[in-house]
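**Q** Kindly generate the corresponding structure for this input.
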Amino acid sequence: MKKTILAAAVAFAALLGTNAYAQTEGVKLGVKGGVNLSNFTGDIDGNKAKVGFNAGVTVDYALSQDLYLLSGLEYTTKGTKDNSSNSMSLGYIQLPIHIGYKTQISEGTKLVLHAGPYVAYAAKGTLKSGGVSVDWFDKNIDDLYKPKRFDAGLGIGAGLEFDKIAVGLGVDYGLLDIMKSSSVSAKTINASLSLGYKF
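**A** Numbering: from 1, shown residues only. Have a look, this model is predicted:
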């Protein structure tokens, strides 16, 4: 019982310290945009990486001097293509929840390392074949080839902050099968390069 009370007291004190630091440092908002290189893994044969984009807002919440909660909301495209003009594309509204470590490496420059989960909702899906594009979520498309709306996975990244300018590289690994049919499996993988501005 005493150990439980002591552990609770230590946790409460740490929480107070974190909150006090966060209030001092504040919350930093920002915007970012960049390019993606994505693909699907699984049962989709002959696929190649597809170029896309990402854009959104960022939130940096200071937990301690070097430790941050990094989140935000972004629109990011993921997909795949084959050797011809055929492609599959999904446009996700994505919420990352990462723990980040920032350390100063020179005057006005910080190295940022971060990792954590993400959740995503596909707001748009496009199938392109022979120059014709259709809505991938159209009710007339066979469920064998239709994707699910939700995805989730893990992301890792690294970057540099030059005062208010941020440059970042990241990789997201989808952990969920995004296909509705049990006979076809696919997961997303996405690499991104982004440029951001912290207010």
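**Q** Could you find the closest non-adjacent residue to G79?
**A** S89 (3.8 Å; CB to CB, 6 or more residues apart in numbering). C-beta: built from backbone N, CA, C; applies to glycine.
**Q** Tell me which stretches of this protein form helices.
**A** According to DSSP state H, the chain carries its helices in the segments 2-25.
**Q** And the residue nearest the centre of it?
**A** For the chain, the residue sitting closest to the mean C-alpha position, by CA atoms, centre = their mean, is P96 at 4.8 Å.
**Q** what residue ranges in the protein score low on pLDDT?
**A** Counting by pLDDT under 70, the ranges of the chain that qualify are 1-25, 45-46.
**Q** Could you rerun that using 90?
**A** The chain contains residues with pLDDT under 90 at 1-26, 42-47, 82-86, 129-132, 139-146, 180-184.
**Q** longest single strand anywhere in it?
**A** Identified as the longest strand of the chain according to DSSP state E is strand 109-129.
**Q** Just give the strands next to that one in its sheet, each with its orientation.
**A** Here strand 109-129 has these sheet partners by DSSP bridges: strand 87-96 (antiparallel), strand 98-106 (antiparallel), strand 132-135 (antiparallel), strand 150-162 (antiparallel).
**Q** so which of those gets nearest N54?
**A** Closest to N54 of the strands paired with strand 109-129, according to CB to CB: strand 87-96, at 8.3 Å.
**Q** Identify the residues contacting V112.
**A** Neighbour list for V112: G100, Y101, K102, G157, A158, G159, L160, E161, A166, G168 [criterion: CB atoms under 8 Å, 6 or more residues apart in numbering].
**Q** Let's see that with 6 Å instead.
**A** V112 makes contacts with G100, K102, G159, E161, as judged by CB atoms under 6 Å, 6 or more residues apart in numbering.
**Q** before we move on, the earlier item: out of the strands paired with strand 109-129, nearest to K198?
**A** Among the strands paired with strand 109-129, strand 150-162 sits nearest to K198 (CB to CB), with 7.2 Å.
**Q** List the buried residues for stretch 155-163?
**A** Buried positions in stretch 155-163, judged by neighbour count with 16 or more other CB atoms under 10 Å: G155, G157, G159, E161.
**Q** again, but for stretch 96-110
**A** Within stretch 96-110, the residues that count as buried by 16+ other CB under 10 Å are P96, H98, G100, K102, K110.
**Q** Quick check: of those, which lies closest to L127?
**A** Using CB to CB, P96 is the member of the buried residues of stretch 96-110 that lies nearest L127, at 26.9 Å.
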